[in-house]
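Q: okay, predicted coordinates and the sequence, questions at the end:
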Amino acid sequence: MRTSYLVCYDIADAKRLRRVFKACKNYGDHLQFSIFECDLNPAEKAALEAELTALINHAEDQVIFVRLGPAEGRGDRVITALGVPYLKLDAPCYAF
């Protein structure tokens, strides 16, 4: 069974930020600069967690998994925004 997650991250170093972005891109849809929506089975979630665990600095960085529930049968995804309208973001990760 697949479960939907929001994967959100705050990475302190530009090099690690790019690596985390690339890892998340392999597992889900890029919604916003540091947010992905990922539909994962338990093995994929474990693999993503292991990959991110190896990439981040545990004293400086943070990755959050927000469980949204079952991927199947949850209806259409509806994203609303305040301020700037939400647009599907296909842009690469930017590090400042």
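A: Good, I have the coordinates.
Q: list the helices and strands the longest helix seen in the chain packs on?
A: In the chain, taking DSSP state H as the definition, the longest helix is helix 42-55. In terms of contacts (3 or more CB pairs under 8 Å, 6 or more residues apart in numbering; DSSP states H and E), helix 42-55 is packed against strand 3-10, helix 14-25, strand 35-40, strand 62-70. Using the backbone N, CA and C atoms, a C-beta is placed for each residue, glycine as well.
Q: export the ones you listed as TSV, with columns for distance to residue 78 and mean neighbour count.
A: Formatted as TSV, the helices and strands packed on helix 42-55 follow (distance: least, CB to CB, whole Å; neighbours: other CB atoms under 10 Å):
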stretch	distance to residue 78	mean neighbour count
strand 3-10	13	19
helix 14-25	22	17
strand 35-40	12	20
strand 62-70	12	13
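Q: will you turn the ones you listed into JSON lines that also has mean pLDDT and distance to residue 82?
A: Formatted as JSON lines, those follow (pLDDT from 0 to 100; distance: least, CB to CB, whole Å):
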{"stretch": "strand 3-10", "mean pLDDT": "96", "distance to residue 82": "17"}
{"stretch": "helix 14-25", "mean pLDDT": "97", "distance to residue 82": "24"}
{"stretch": "strand 35-40", "mean pLDDT": "96", "distance to residue 82": "15"}
{"stretch": "strand 62-70", "mean pLDDT": "94", "distance to residue 82": "19"}
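Q: alpha carbons of the longest helix of the chain, as CSV, please.
A: Listed next in CSV are the C-alpha coordinates belonging to helix 42-55 (Å, rounded to 0.1, in the frame of the first residue of the first chain):
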residue,chain,number,x,y,z
PRO,A,42,7.1,1.2,3.1
ALA,A,43,10.3,0.0,1.3
GLU,A,44,10.6,3.2,-0.7
LYS,A,45,10.1,5.3,2.4
ALA,A,46,12.8,3.4,4.2
ALA,A,47,15.1,3.8,1.2
LEU,A,48,14.5,7.6,1.0
GLU,A,49,15.0,8.0,4.7
ALA,A,50,18.3,6.1,4.6
GLU,A,51,19.5,8.1,1.6
LEU,A,52,18.6,11.4,3.3
THR,A,53,20.1,10.2,6.6
ALA,A,54,23.4,9.7,4.8
LEU,A,55,23.2,13.2,3.1
